[in-house]
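>>> next come a sequence and a model predicted from it.
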Amino acid sequence: MAFINEDFMLQSETAKHLYHTYSENQPIFDYHCHLSPQQIAEDYTFKNITELWLGGDHYKWRGLRAMGIPEEKITGNASDEEKFQAWAETVPNTVGNPLFHWTALELKRYFDVDEMLSADNWKEIYDAANQKLKDENLTARQLIKNSNVTFICTTDNPYDTLEFHKQIAEDDTFDVTVVPGFRPDEAFAVGEQKFIDFLPKMEQANGIKIDSFAKLVASLEDRIQYFADHGSNISDHGLAKLVFRPATNEDAEAVFTKAVNGEAISEDEYGQFQTALVRELGKIYNAKGFVMQFHFGAIRNNSERLFKQLGPDAGLDSINDQTHVAEALNGLLNEMDKTNELPKVILYPLNPAYFDLAATTAANFQSNDKGIKSRVQLGSGWWFNDTKYGMLKQFKALAEGGLLMNFVGMLTDSRSFISYTRHEYFRRLFCDYIGDLVERGEIPNDEALLEKLITNVSYNNAVEYFDAADVVSK
């Protein structure tokens with residue numbers, strides 16, 4: 001029997017029934033990823049499996065480095081064949097790491113490969129996969145269609161032109177909705193050079209001279225509307241730390257002035273700026289119907305040597321820690337909620353130690369007069385938590401601190417067009433988790449209840465939460 005068989009990860013008869021009956025064939029609503037909109041717009045053709053599979057996957061790069069593979073064969077100038085061989089030799093050593101499962105799933109679903117990739121069969125699989133790419137015309141769009149995807153939200157800078165999103169939207173031959181995700185991380189980098197570099201890019205994008213905090217907010221609001229005009233209602237914020245310091249906009253103005261003058265910014269001043277900017281953005285998102293996502297707790301670019309050589313997003317990041325997370329998270333949400341201007345919010349702590357904290361914090365801010373179910377919620381296991389351990393921990397934290405029935409489910413957070421098997425992995429684990437609770441007698445074996453739970457979490461909740469019923473049925 002092949003390793004990736006129909007009941008992979010499904011340990012009980014109930015789990016098998018739930019997955020195959022209610023989850024397996026649900027479409028995919030991918031509300032956060034890093035796919036290239038240009039490659040989607042141009043229906044990019046990959047020259048070989050190495051470019052498609054290993055070109056931007058820093059998860060795999062970390063595994064290669066752990067095996068002592070030289071950087072030349074990871075991100076360097078070695079041939080694509082050499083890089084594929086290096087990964088093949090690494091794969092058997094990833095047992096216990098999710099890379100082992102992801103590799104097997106990706107090869108099975110996209111290339112019909114049942115064998116485990118290894119040093120013994122790499123050339124045969126390399127040639128067969130490349131032939132399949134060519135014979136079946138597995139372009140960017142075809143891979144998306146083969147994955148049963150109905151909705152994609154990419155990750156985009158506020159000053160991006162969004163020309164490729166416009167091109168996709170106007171193309172009647174492609175019926176998958178692709179929208180931009182508003183990601184204003186650089187606006188929060190006060191006290192850093194990238195904040196200074198960010199301002200002229202924004203000025204060029206919309207012509208607003210940013211000479212104050214108020215003008216910064218106005219410029220961001222203008223671009224949020226620009227994203228809305230291109231079909232978006234999704235924002236995302238990657239913050240290394242959450243900091244809350246009670247602050248007026250006048251306080252933020254003082255910090256802004258110091259930053260543009262090149263003066264040092266203290267931790268308290270940064271906290272004031274972050275608090276004020278989160279508050280003002282939250283109000284704008286609420287008014288325009290945007291979802292506000294927070295990814296927090298990554299410490300980035302830790303190998304100075306490799307960062308200088310490769311730049312960001314090269315597999316040099318890890319889990320961060322900090323003190324006073326509960327105070328900061330509650331304080332930031334309360335800043336928006338106290339004027340009843342809190343938008344929908346999804347929280348993704350990279351540190352799993354904060355799952356329970358985030359789930360119970362979300363419960364403090366659910367009251368709303370719009371009938372929104374779980375307006376604030378703990379998001380799916382993200383980055384180093386999209387693993388069996390991380391997903392199960394997230395399921396339990398959400399179930400015990402919130403309402404699992406309202407969970408918006410999985411995202412890919414990926415740059416790879418064949419990473420949609422992570423949705424399958426998630427669904428199998430979720431059905432196994434629920435199936436186990438049923439067989440233990442902790443959830444009744446009620447078909448209607450279970451069908452609703454599985455279909456909600458697999459797909460339906462995301463469509464409802466992101467107000468996307470019209471666009472996914474076009």
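Structure received.
>>> list the contacts of the nearest residue to residue 326 once chain neighbours are set aside.
In space, and not counting its chain neighbours, residue 326 is closest to residue 357: 5.4 Å by Cβ to Cβ, 6 or more residues apart in numbering. Backbone N, C-alpha and C define where each C-beta goes, glycine included. With contacts defined as Cβ atoms under 8 Å, 6 or more residues apart in numbering, residue 357 is in contact with 325, 326, 329, 349.
>>> would a markdown table of those with distance to residue 445 be doable?
Below are the contacts of residue 357 laid out as a markdown table (distance: Cβ to Cβ, whole Å):
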| residue | distance to residue 445 |
| --- | --- |
| 325 | 39 |
| 326 | 37 |
| 329 | 37 |
| 349 | 33 |
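>>> mind putting those into TSV with secondary structure, distance to residue 280 and neighbour count?
As requested, the contacts of residue 357 are exported to TSV (DSSP: H, G, I helix; E, B strand; the rest coil; distance: Cβ to Cβ, whole Å; neighbours: other Cβ atoms under 10 Å):
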residue	secondary structure	distance to residue 280	neighbour count
325	helix	22	22
326	helix	23	14
329	helix	18	22
349	strand	23	28
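>>> among the residues you listed, which pair sits farthest apart?
Maximum pairwise distance in the contacts of residue 357, criterion Cβ to Cβ, is 11.2 Å, between 326 and 349.
>>> residues of the longest helix seen in the chain that come out buried?
Criterion DSSP state H: the longest helix present in the chain is helix 267-288. Within helix 267-288, the residues that qualify as buried are 269-286, 288, counting by 16 or more other Cβ atoms under 10 Å.
>>> and stretch 208-226, by the same measure?
208, 210, 213, 215-221, 223-224, 226.
>>> likewise stretch 337-345?
Of the residues in stretch 337-345, those buried (16+ other Cβ under 10 Å) are 337, 341, 342, 343, 344, 345.
>>> what do you get for stretch 441-453?
Buried residues in stretch 441-453, defined by neighbour count with 16+ other Cβ under 10 Å: 443, 450, 453.
>>> please identify the helix or strand for the first one.
Translated: residue 443. Element membership of residue 443 [criterion: DSSP states H and E] is none; it lies in no helix or strand.
>>> ok, residue 181 touching residue 233?
No - look at residue 181 against residue 233 with Cβ atoms under 8 Å: they stay out of range, at 9.8 Å.
>>> centroid residue for this protein?
The chain has residue 413 as the residue nearest its centroid, 3.0 Å off, counting by Cα atoms, centre = their mean.
>>> list the residues that contact it.
32, 33, 34, 382, 383, 386.
>>> which SS class is the second one?
Using DSSP: H, G, I helix; E, B strand; the rest coil, the three-state assignment for residue 33 comes out as coil.
>>> need the contact list for it.
Applying Cβ under 8 Å, 6+ apart, the residues contacting residue 33 are 152, 153, 154, 155, 411, 412, 413, 414, 415, 419.
>>> same check, this time on the first one
Each residue near residue 32 by Cβ under 8 Å, 6+ apart is listed here: 153, 155, 181, 234, 236, 293, 411, 412, 413.
>>> show me where this structure has strands.
Using DSSP state E, the strands of the chain run over residues 28-30, 149-153, 177-179, 234-239, 291-296, 298-299, 318-319, 344-349, 376-378.
>>> quick one: low-confidence ranges for the stretch 151-300 of the chain?
Nowhere does the stretch 151-300 of the chain drop to pLDDT under 70.
>>> residue 70 touches residue 76, doesn't it?
Yes - contact status for residue 70 versus residue 76: in contact at 7.4 Å, counting by Cβ under 8 Å.
>>> I figured residue 279 hits residue 335, correct?
Yes - if you go by Cβ under 8 Å, residue 279 and residue 335 touch, sitting 4.3 Å apart.
>>> quick revisit: now, among the buried residues of stretch 441-453, which is nearest to residue 21?
Lowest distance from residue 21 to those (Cβ to Cβ) belongs to residue 450, with 9.1 Å.
>>> let me see the confidence value for the closest one.
Residue-level confidence at residue 450 comes out at 98, pLDDT.
>>> also the one 5 residues further on?
Per-residue pLDDT puts residue 455 at 98.
>>> repeat that for the one 4 residues further on.
Residue 459 carries a pLDDT value of 98.
>>> from residue 453, how far out is it?
12 Å (Cβ to Cβ, to the nearest Å).
>>> kindly report the same for residue 258.
51 Å.
>>> residues of stretch 191-203 that come out buried?
191, 195, 198, 199, 202, 203.
>>> helices of the stretch 51-200 of the chain, start to end?
58-66, 80-90, 98-111, 122-135, 140-146, 163-169, 193-206 (DSSP state H, counting those that start in this stretch).
>>> how about these, which one is nearest residue 429?
That would be helix 98-111 among those, by Cβ to Cβ, at 10.2 Å.
>>> tell me what that closest one is packed against?
For helix 98-111, the packing partners by 3 or more Cβ pairs under 8 Å, 6 or more residues apart in numbering; DSSP states H and E come out as helix 58-66, helix 122-135, helix 421-439.
>>> can you do 10 Å?
helix 49-54, helix 58-66, helix 80-90, helix 122-135, helix 140-146, helix 388-401, helix 421-439 (3 or more Cβ pairs under 10 Å, 6 or more residues apart in numbering; DSSP states H and E).
>>> for residue 241, which of those is the nearest?
Comparing the helices and strands packed on helix 98-111 by Cβ to Cβ, helix 388-401 comes nearest, at 20.2 Å.
>>> just want the angle from that closest one to helix 98-111.
100 degrees (axes from the mean of the first three to the mean of the last three Cα atoms, to 10 degrees).
>>> and helix 388-401, what's buried?
Neighbour count says helix 388-401 has 390, 391, 393, 394, 395, 397, 398, 399, 401 buried, by 16+ other Cβ under 10 Å.
>>> want to try TSV for the residues you listed, with pLDDT and distance to residue 468 as columns?
Formatted as TSV, these follow (pLDDT from 0 to 100; distance: Cβ to Cβ, whole Å):
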residue	pLDDT	distance to residue 468
390	97	26
391	97	23
393	98	28
394	98	23
395	98	24
397	98	26
398	98	21
399	97	25
401	96	26
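>>> which one of those residues is nearest residue 471?
Nearest to residue 471 among the buried residues of helix 388-401, with distances taken as Cβ to Cβ, is residue 398, at 26.3 Å.
>>> so, low pLDDT: which residues of the stretch 351-474 of the chain?
473-474.
>>> my read: residue 229 touches residue 179, true?
No - when contacts are counted by Cβ atoms under 10 Å, residue 229 is not listed as touching residue 179 (11.1 Å).
>>> show me what contacts the nearest residue in space to residue 395 that is not next to it in sequence?
Excluding the flanking residues, the one nearest residue 395 by Cβ to Cβ, 6+ apart is residue 433, at 5.3 Å. Shown in contact with residue 433 (Cβ atoms under 10 Å, 6 or more residues apart in numbering): 11, 15, 18, 391, 392, 395, 396, 399, 404.
>>> surely the second one and residue 24 touch.
Pointing back at residue 15 there. No - contact between residue 15 and residue 24 fails when scored by Cβ under 10 Å: they sit 11.7 Å apart.
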